[in-house]
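K.L.:
Provided below for reference: sequence and predicted model.
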Amino acid sequence: MSRDTLFLLDPDWADPAYGGERHFYCKECMIVDGLLATFPERAANIDVVRVAWPRPRAAVVEAIGEENQNLPALVWDGGFANDIEALLAALAERHGFPERHP
């Protein structure tokens with residue numbers, strides 16, 4: 001069985017739509033990054049790949065298709081989650097991270 005892969009956006013990027021001078025981060029990626037940092041023993045079982053913000057995101061397209069470039073994304077044999085709630089649930093179920101409180 002292969003390891004799960006977690007795709008996260010690089011934490012600091014400029015958006016040309018805002019003149020390319022303002023820098024941004026992805027809120028959902030930061031939530032997942034916080035989980036990884038808080039529970040490093042669980043995070044050690046996941047391959048983390050950081051990708052640049054602009055599309056196309058070649059590594060993501062190769063893994064789950066062009067229509068699924070929304071990040072963060074957790075990819076495993078036969079499935080993936082790239083909606084934040086489904087991704088957090090998958091991290092809890094597949095890797096023992098605590099569940100998000102409703």
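P.N.:
Sure, I can see it. Please read all numbers here as calculations on a predicted model, not as lab measurements.
K.L.:
CA atoms for contacts and neighbours, from now on please.
P.N.:
Noted.
K.L.:
how much space between the most centrally placed residue in the chain and E21?
P.N.:
In the chain, the residue lying closest to the centroid (Cα atoms, centre = their mean) is P72, at 2.5 Å. Using Cα to Cα, to the nearest Å, P72 is found at 24 Å from E21.
K.L.:
same question for W76.
P.N.:
Distance from W76 to E21, by Cα to Cα: 36 Å.
K.L.:
which non-adjacent residue is nearest G96?
P.N.:
Closest residue to G96 apart from its sequence neighbours, by Cα to Cα, 6 or more residues apart in numbering: R42 at 7.0 Å.
K.L.:
brain fart, F80
P.N.:
L74 is the one closest to F80 (Cα to Cα, 6+ apart), at 5.4 Å.
K.L.:
please name the bridge partners of the one you found.
P.N.:
Note on L74: beta-bridge partners L6, A81, judged by DSSP bridges.
K.L.:
quick check: closest non-adjacent residue to the residue nearest to the centre of the chain.
P.N.:
That would be L8: by Cα to Cα, 6+ apart, it lies 4.9 Å from P72.
K.L.:
you'd agree the residue nearest to G96 is up against H95?
P.N.:
Yes. Between R42 and H95 there is a contact at 6.2 Å, judged by Cα atoms under 8 Å.
K.L.:
re the thing from before, contacts only, for the residue nearest to G96.
P.N.:
L36, H95, G96, F97 (Cα atoms under 8 Å, 6 or more residues apart in numbering).
K.L.:
contact partners of stretch 76-94?
P.N.:
The contact list for stretch 76-94 (Cα under 8 Å, 6+ apart) reads 1-5, 28, 32, 64, 68, 70-75, 97-100.
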